[in-house]
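Student: just a sequence and a predicted model for now, questions to come.
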Amino acid sequence: MAMGVLGSLKRRLPIFSFMTSMVNTSSRASLFIFFSMAGFIVLAGTGHAFHEGGAGACEGCHSMHNSLDGRAAARALPQYQAGAYLLKASDQSSVCLNCHQHAGDTAPSGFHISTSESDMPTGSPPIQLSPGGDFGWLKKTYSWTDANGALQTSPGYTHGHNITAYDYGYAADGRLTTAPGGGSFQYPSNQLSCISCHDPHGRYRRSGTGTISTTGGPIIGSGSYNTSMEPFGTISAGTYRLLGGAGYQPKSLAGSYAFLYNPFFAAAPEDYNRSENTTDVRVAYGQNVSQWCANCHAMMHSSVGTLIHPADQAMSSLIISNYNSYVKTGDLTGTQATSYLSLVPFQMGDTTDMTTLKGAVGSAAGPVSGDRVMCLSCHRAHASGWESMMRFPLDTTFTTVADSSGYPVYPDPGTNPTQAMGRTTQEFQKALYDRPPTKFAAFQRTLCNKCHVQDGSGP
Amino acid sequence: MSIMRASMLTLLTVIALTVLTGTARGEAKGTYLYTLSDFTGSVPTSSARVSVDDFHKEVYVTSGDLIRVFNDKGMEIYSFGENLNVGVLYDAAVDEKGNIYVLSHSYERKQFIITLCNFRGEPIREISLTNIPPQFQGISPSRMVYRKGTLYLVSDSGMVVVMTDANGVFKDGIDLFPLMDVKSDDRGKRGRKGEDRDKEKKELKRDDYGISGFSVDHEGNLLFVSPITAKAFIVFADRTVDSFGKRGSAPGRFAIPRGIVRDKSGNYIVSDILRCVVMIFDKKFDFITEFGGRGYGPSNLIGPTEIVLSEDSKLYVTQLTERGVSVYNIVGD
């Protein structure tokens, strides 16, 4: 019986077989080696969501000992045909999407940030609802005839960062050849990929003192969540979402495009990718959001650019008051305790205090004095259902219309083509993260009004 | 110490040989036949869902709002689905009588729908699930398999399987996640210090996984893969579980497994989207061979995802980049 159990354990747990063979040598040295290895394994872990705040399993992305087209390491088996950088995909983003897109998803699902074409035929929206947005919106081009009889279009490429991922049907921006607002820093759009922003090897880390660097204590886990460990002693946490920091430039990108600014401080909830039909997802943003975006879009930042919407600037008392009182068009009865809206998020002061940020995850509280407007107040980082990757529609007067009883409904492309802008009501609602139209007023005006309140008395 | 050194040397030698050369055992191979086509050439689909009707020798390819039907020579002979008005189509399955079950998700109705259609794809009625126990009532299936009077409804992200009869009456259900026996250290270090860490793992880890490539073999065993942990699982009829697979890029290793089926010889066939190969393992999980390989030749594969095996040993492999569905002949020992 005992042998049977042992045999079973050996079959299920190869390490157990190794251990017993070591014990059989009756060697204290062997046991020491084994338990040292076991201790290391426990400390290092095997990585749940693969990255663990740093470099994941190498062979999750790379194919070892292969070369481009397999020329130098050709063998009989076909797996020796590899791509650039030993990647088994057409390009870097395609490697990422091997895990971060999953055909067959029926609802927002964990770490998926792109929807397969097969799951979003014409008239059906992308599925994922992560705060960064679903790249699938890049594949959604809309056209409609407006009230003046003119044909209008909302091309897919205007809906987000046009990553190149050939295997997954994502192509470079055909209109913008460099990052808009880049000034002299003209990041080439045909080189834009997931690793333009996210360091695939996760070298950037946050120490216990809040310092961000590529050196220092080992990264022992993700630093992205309100549940993430905090760095201590010589142990570091990964930066938010593996974002690259000062000096970061993908190896595959020729030229001088190294980032100037470190990643921002932020904390996300574990259930960040979900419908917001009842409650908002609150990512608490701290210092450096807009600076980090300025790595590529410097001229759009208040410190450098001109004639621009403020970014990384403290909200005035009037703006804060507006934000907190604004509920919807014609309704200014809100209070600071419940005024947060993820369609118009804000940066919490200039804080680097992760305790503060983690504590704000899940909070519905609106801004207080010192809180800042940031790039992400209006834009999503990946893509959105609206032009210029806006969080809310900007190109239509009304976000909602009214049914025969006067209740708010999303515009129907057949009866309200100008407001619907080619989107079906399903697409419209999904682009607003599943919020039912009743979250808004009938004839709701654009959410610029959340801060600027020009629609206080209704349409 | 000399004994220990000898043991270590032997162990390392075995590991090295396994890693570097692969372990070629048994006799099995996959030979490219053709790509599913119409009269204009191969049909360009990406990440489609395939099901085989072994009764009538037809193949169903579901993608978006269309279900294409191919004959056993790989030619498209029919299509339907555009006018079903049941939302986004996810899967199709066919019973012995030629009835077609269509799985879809409707945004308007905010639910999944199983539509029973006749052999022309014309809707007969919707099938509602009944007697579903509370723990399975929230299922949002993305897959559907029909086997011998049982409909298997599978949620990849939820990692659950609900089995019903052909009328939707509950027969059984399985939560696959506990069976995957994910080790505590598979879950990461969030809240690593002290008791909080274990508490968080129990509460949160499910969302970080998900399954792929569900199939039912000829013995009724359930097969699926875990892309994140790079493992393949078999749930036997008695609910015992076995698994195999190791992360790696050498022949026979898993990078990101996405599909799994079992042939009549008992061999396991696994597709890997990153390595762009289809691997064959014998019934003892020993690696036999692999085929495909990334490339644009007819027999190559670009991002193989789903695999389905017909009774006449044709393996249907779906791919990315509108490469469509490649068909291979599997010869086992």
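Tutor: That came through, no problem.
Student: same question for stretch B:165-185: list its buried residues.
Tutor: Applying a neighbour-count criterion of 16 or more other C-beta atoms under 10 Å in any protein chain shown, the buried positions in stretch B:165-185 are B:Ala166, B:Gly168, B:Phe170, B:Gly173, B:Ile174, B:Leu176, B:Phe177, B:Leu179, B:Met180, B:Val182, B:Asp185. Any C-beta I mention is one placed from the backbone N, CA and C, and that applies to glycine too.
Student: spatially central residue in the chain, please.
Tutor: No chain was given, so I picked chain A. A:Gly132 (3.4 Å; C-alpha atoms, centre = their mean).
Student: wait, chain B was what I had in mind.
Tutor: Taking C-alpha atoms, centre = their mean as the criterion, B:Gly213 is the residue nearest the geometric centre of chain B, at 1.6 Å.
Student: just the element for the spatially closest residue to that residue that is not a sequence neighbour, please.
Tutor: Of all residues not flanking B:Gly213 in the chain, B:Gly259 sits nearest, at 3.7 Å (C-beta to C-beta, 6 or more residues apart in numbering or on different chains). Taking DSSP states H and E as the criterion, B:Gly259 maps to strand B:257-262.
Student: pull up the pairing partners for that strand, direction included.
Tutor: strand B:268-272 (antiparallel) (DSSP bridges).
Student: kindly export the partner strand (C-alpha atoms) in CSV.
Tutor: C-alpha atoms of strand B:268-272 as CSV (Å, rounded to 0.1, in the frame of the first residue of the first chain):
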residue,chain,number,x,y,z
TYR,B,268,-2.6,12.4,-27.4
ILE,B,269,-2.3,15.1,-30.0
VAL,B,270,-1.6,18.6,-28.8
SER,B,271,-1.3,21.9,-30.7
ASP,B,272,0.9,24.7,-29.5
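Student: got the contact list for the following helix or strand past it?
Tutor: Scanning forward in sequence from strand B:268-272 by DSSP H and E, the next helix or strand is strand B:277-281. With contacts defined as C-beta atoms under 8 Å, 6 or more residues apart in numbering or on different chains, strand B:277-281 is touched by A:78-79, B:28-30, B:244, B:251-252, B:267-272, B:287-293, B:301, B:304, B:307, B:315, B:317, B:328, B:330, B:332.
Student: could you redo the last one with a cut-off of 7 Å?
Tutor: For strand B:277-281, the surrounding residues in contact (C-beta atoms under 7 Å, 6 or more residues apart in numbering or on different chains) are A:78-79, B:28, B:30, B:244, B:252, B:267-272, B:287-293, B:301, B:304, B:307, B:315, B:317.
Student: cool, and stretch B:217-233?
Tutor: A:50, A:99, B:161, B:176, B:179-180, B:182, B:186, B:208-216, B:234-237, B:241, B:243-245, B:247, B:254-262, B:264, B:268, B:270.
Student: which among the residues you listed count as buried?
Tutor: For the contacts of stretch B:217-233, buried by 16+ other C-beta under 10 Å: A:50, A:99, B:161, B:176, B:179-180, B:182, B:186, B:208-216, B:234-235, B:241, B:243-245, B:247, B:254-262, B:268, B:270.
Student: where does pLDDT dip in the stretch 301-450 of chain A?
Tutor: Filtered on pLDDT under 70, the stretch 301-450 of chain A yields the residue ranges A:307.
Student: so which bits of it are right by chain B?
Tutor: A:Gln426 (C-beta under 7 Å from any C-beta of the partner chain).
Student: need the strands for the stretch 201-333 of chain B, in chain order.
Tutor: Listed in chain order, the strands of the stretch 201-333 of chain B (DSSP state E, counting those that start in this stretch) span B:212-216, B:222-226, B:231-235, B:241-244, B:257-262, B:268-272, B:277-281, B:287-292, B:307-309, B:314-318, B:325-331.
Student: in CSV: those strands, plus mean pLDDT.
Tutor: Putting those into CSV (pLDDT from 0 to 100) gives the following:
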stretch, mean pLDDT
strand B:212-216, 96
strand B:222-226, 96
strand B:231-235, 95
strand B:241-244, 94
strand B:257-262, 97
strand B:268-272, 97
strand B:277-281, 95
strand B:287-292, 92
strand B:307-309, 97
strand B:314-318, 98
strand B:325-331, 96
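Student: out of these, which is closest to B:Pro44?
Tutor: strand B:325-331 (10.2 Å; C-beta to C-beta).
Student: what helices or strands is that closest one leaning on?
Tutor: Counting contacts by 3 or more C-beta pairs under 7 Å, 6 or more residues apart in numbering or on different chains; DSSP states H and E, strand B:325-331 packs against strand B:29-35, strand B:314-318.
Student: kindly calculate the angle that the last one makes with strand B:277-281.
Tutor: Right, strand B:314-318. 140 degrees (axes from the mean of the first three to the mean of the last three C-alpha atoms, to 10 degrees).
Student: mind listing what strand B:314-318 pairs with, with the direction of each?
Tutor: Sheet partners assigned to strand B:314-318 using DSSP bridges are listed as strand B:307-309 (antiparallel), strand B:325-331 (antiparallel).
Student: got a markdown table for the buried residues of stretch B:165-185, with distance to chain A and secondary structure too?
Tutor: A markdown table is the format used below for these (distance: C-beta to the nearest C-beta, whole Å; DSSP: H, G, I helix; E, B strand; the rest coil):
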| residue | distance to chain A | secondary structure |
| --- | --- | --- |
| B:Ala166 | 22 | coil |
| B:Gly168 | 18 | coil |
| B:Phe170 | 20 | strand |
| B:Gly173 | 17 | strand |
| B:Ile174 | 18 | strand |
| B:Leu176 | 15 | helix |
| B:Phe177 | 13 | helix |
| B:Leu179 | 12 | helix |
| B:Met180 | 12 | coil |
| B:Val182 | 8 | coil |
| B:Asp185 | 4 | helix |
